[in-house]
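> this is the structure alone, sequence omitted:
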């Protein structure tokens, strides 16, 4: 039995991952989808497939991993990309299990594995997390990287070698994580202050030195390896040199690179809300917490946060992540900004596990097996809450993007200019033409991007026969400069809008 123990302890972890992956694969989008705020999926899939550059901030780490998943000989190109999200979320749930069980060691809690299982399920089945696990978006990988940094920072150190290894892993992971989503920067204090501040020795205190001082060598190691991780951004100009059809910012110049990675396109959306809008979004954010975990899950999480709170670096780190993530999500004026609450929800699931472990132990001391019953009730409540909201996150039947793209390609006349507006519509047509190679005769133009010089350069490269008058043409002037080509005006607002006209030269012989 003792020989089997090392394997038996992995059974709950294995069951957790198998269950979540089964849930995700049963609700994952089979192809390109607009479900769950996934309109950017077409851009991300196409940029990876065409070795191009995605919309700001470029997401180089995400694109590198997507290219690996796109090599899987299974399903459509979009389905393979969706698998990255499912895999990332499953790994994140596993790390949450280990983070909770690491905090609730067997010596402290006999129910530590149930607490870990409950916290993993609370995370993996939370509607917002589930919704991102079944589509192509960067948030699933972002959640995995957040919990990975928390796990690395909370991992115990036994030797000096372990200390150096932790510094390297923390720095490298943080640098690379910046290449997935720049909001990971809120973890900067977690990465660069964990086990960096050390108490002074008795001799140092006698000399009047401060009680706390920095471990300079450890800090330098983390900074160095963070710089190594940031080298993932070098892939952006390297890809741009090949002039791909998706080439946001054309980051071969310093100005183009800076415009891309700093998200200049979206700077006007930050801190642009009035006080009333902020209050309304705050109320929405509070309501979202209840919808993620239900009343029982929320109550247990609050018990872990308030009643059994320990003044540990992990807890303080998670409090900071919750505050910083909530502030950004509420203050960022986009319709999908609440996705930035995912790190906050992630931290709350850890408190659910910690609260459950302590609650089960305290009740079991008075009533035998009652603690186990509490754990099973919480797990059942989480399953019921998830089941009740499954239809809201299920992307397996969403065919809007696929149907829209096929309709445009079937209706557009040969050699037509397709003027497209709206992210969903533009990215869908990019996916069908640039990634899948359908209808190469069409000239797909994103009308909202003509104002950018880098986009005009891309059009010149992709469609060398297209006449583009002036340095910054309007869509109308592009149509007038190409009278021999039919024109299609395309967008999607609730329903597809496709209006194709014959060439001007055929109208006026």
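In hand now; what should we look at? Computed from a predicted structure; not experimentally measured.
> show me where pLDDT drops low in the stretch 201-350 of the chain?
201-213 (pLDDT under 70).
> all strands of it, in order?
Taking DSSP state E, counting those that start in this stretch as the test, the strands found in the stretch 201-350 of the chain are 212-214.
> outline the domain layout of the chain.
Per the record's domain assignment (automatic domain parsing), the chain is made up of the domains 5-393, 400-507.
> what sits against residue 316?
By Cβ atoms under 8 Å, 6 or more residues apart in numbering, residue 316 lies in contact with nothing. The C-beta positions use only the backbone N, C-alpha and C, and glycine is treated the same way.
> confidence score at the residue positioned nearest the centre of the chain?
Among the residues of the chain, residue 139 comes closest to the average C-alpha position under Cα atoms, centre = their mean, at 1.2 Å. Looking at residue 139, its pLDDT is 98.
> looking at the domains of the chain, which is buried most?
With neighbours defined by mean count of other Cβ atoms under 10 Å, none of the domains of the chain is more surrounded on average than domain 5-393, at a mean of 19.
> show me what secondary structure element comes after whichever strand or helix holds residue 88.
For residue 88, the element it lies in under DSSP states H and E is helix 77-103. Sequence order places helix 112-124 as the next helix or strand after helix 77-103, per DSSP H and E.
> avg pLDDT for the very next helix or strand once past that following helix?
Downstream of helix 112-124, the first helix or strand assigned by DSSP H and E is helix 127-133. Helix 127-133 comes out with an average pLDDT of 98.
> contacting residues around helix 127-133?
23-24, 27-28, 35-37, 85-86, 88-90, 123-124, 139-140, 143, 288, 291-292, 338-339, 341-342, 345-346, 386, 389, 392-393, 395.
> at 7 Å instead, please
Residues from elsewhere that reach helix 127-133, judged by Cβ atoms under 7 Å, 6 or more residues apart in numbering: 24, 36, 85-86, 89, 123, 139-140, 143, 291-292, 342, 345, 389, 392-393.
> can you confirm residue 497 is in a strand?
Yes. Residue 497: assigned to a strand according to DSSP: H, G, I helix; E, B strand; the rest coil.
> state the distance from the closest residue to the residue nearest to the centre of the chain other than its chain neighbours to residue 13.
By the measure of Cβ to Cβ, 6 or more residues apart in numbering, the closest residue to residue 139 outside its immediate chain neighbours is residue 132, 4.4 Å from it. Distance from residue 132 to residue 13, counting by Cβ to Cβ, to the nearest Å: 22 Å.
> most widely separated two among the contacts of helix 127-133?
86 and 291 (21.5 Å; Cβ to Cβ).
> okay, and the residue nearest to residue 308 when sequence neighbours are not counted sits in which element?
Nearest residue to residue 308, sequence neighbours excluded (Cβ to Cβ, 6+ apart): residue 358, at 4.3 Å. Taking DSSP H and E as the criterion, residue 358 maps to helix 342-364.
> between that helix and helix 77-103, how big is the angle?
40 degrees (axes from the mean of the first three to the mean of the last three Cα atoms, to 10 degrees).
> which residues touch the helix or strand following helix 342-364?
For helix 342-364, the succeeding helix or strand toward the C-terminus, using DSSP H and E, is helix 370-388. Defining contact as Cβ under 7 Å, 6+ apart, one finds that helix 370-388 is touched by 111, 114, 117-118, 121-122, 125, 293-294, 296-297, 300, 356, 359-361, 363-364.
> so the residue nearest to the centre of the chain touches residue 339, yeah?
Yes. Using Cβ atoms under 7 Å, residue 139 is in contact with residue 339, at 5.2 Å.
> now find how far off-centre stretch 443-453 is within its chain.
27 Å (Cα atoms, centre = their mean, to the nearest Å).
> next: stretch 339-355.
15 Å.
> what does stretch 363-380 give?
Stretch 363-380 sits 35 Å away from the centroid of its parent chain (Cα atoms, centre = their mean).
> one more: stretch 398-405?
That offset, for stretch 398-405, works out to 23 Å (Cα atoms, centre = their mean).
> same deal with stretch 291-302?
Going by Cα atoms, centre = their mean, where stretch 291-302 is centred and where its chain is centred differ by 23 Å.
> what sits up against it?
Residues contacting stretch 291-302 (Cβ under 7 Å, 6+ apart): 122, 126-128, 289-290, 345, 348, 351-352, 355-356, 359, 378, 381-382, 385.
> hmm, residue 179 is touching residue 63, no?
No. Judged on Cβ under 7 Å, residue 179 makes no contact with residue 63 at a distance of 8.9 Å.
> re the thing from before, how near is the residue nearest to the centre of the chain to residue 72?
21 Å.
> now do residue 485
38 Å.
> residue 156 now?
Residue 156 is 36 Å from residue 72, by Cβ to Cβ.
> for residue 279, same thing?
Taking Cβ to Cβ, one finds residue 279 at 46 Å from residue 72.
> tell me where the stretch 401-509 of the chain has strands.
Under DSSP E, counting those that start in this stretch, the stretch 401-509 of the chain gives strands at 417-420, 443-446, 487-493, 495-501.
> residue 247: which of the ones you listed is closest?
Of the strands of the stretch 401-509 of the chain, nearest to residue 247 by Cβ to Cβ is strand 443-446, at 12.1 Å.
> list the neighbouring strands of that closest one plus their orientation.
strand 417-420 (parallel) (DSSP bridges).
> give me the contacts around the strand it pairs with.
For strand 417-420, contacts defined as Cβ under 7 Å, 6+ apart pick out 408, 412, 426, 429, 442-447, 475, 479, 482, 485, 487-491.
> and residue 42, how far from residue 55?
Distance from residue 42 to residue 55, by Cβ to Cβ: 11 Å.
> got it, and residue 249?
The gap separating residue 249 from residue 55 is 9 Å, by Cβ to Cβ.
> residue 77 now?
19 Å.
> just residue 302 next, same as before
38 Å.
> could you do residue 190 as well?
Counting by Cβ to Cβ, the gap from residue 190 to residue 55 is 28 Å.
> so what pLDDT did residue 5 get?
51.
> also residue 438?
97.
> contact partners of stretch 336-354?
Under Cβ under 7 Å, 6+ apart, the answer for stretch 336-354 is 37, 96, 99-100, 103-104, 115-116, 118-119, 122-123, 126, 128-129, 139, 142-143, 146-147, 183, 285, 288, 292-293, 297, 300-301, 304-305, 308, 318, 321-322, 325-326, 328-329, 332.
> let me know the closest of the contacts of helix 127-133 to residue 194.
Distances from residue 194 to these, taken by Cβ to Cβ, are shortest for residue 143, at 19.4 Å.
> A helix includes that closest one, no?
Yes. Assessed by three-state DSSP, residue 143 belongs to a helix.
> from the chain's centroid, how far away is the helix or strand harbouring residue 68?
Using DSSP H and E, residue 68 sits within helix 60-69. On the basis of Cα atoms, centre = their mean, helix 60-69 sits 13 Å off its chain's mean C-alpha point.
> who are the packing partners of it?
helix 41-49, helix 77-103, helix 235-240 (3 or more Cβ pairs under 7 Å, 6 or more residues apart in numbering; DSSP states H and E).
> so which of those is nearest residue 173?
helix 77-103 (11.9 Å).
> report the angle between the closest one and helix 60-69.
Using the same axes, to 10 degrees: helix 77-103 against helix 60-69 is 110 degrees.
> average pLDDT across helix 77-103?
96.
> so residue 451 versus residue 475, what's the distance?
10 Å.
> scratch that, residue 56 is what I was asking about
22 Å.
> go on, residue 267?
Relative to residue 475, and taking Cβ to Cβ, residue 267 is found at 25 Å.
> same thing with residue 240?
25 Å.
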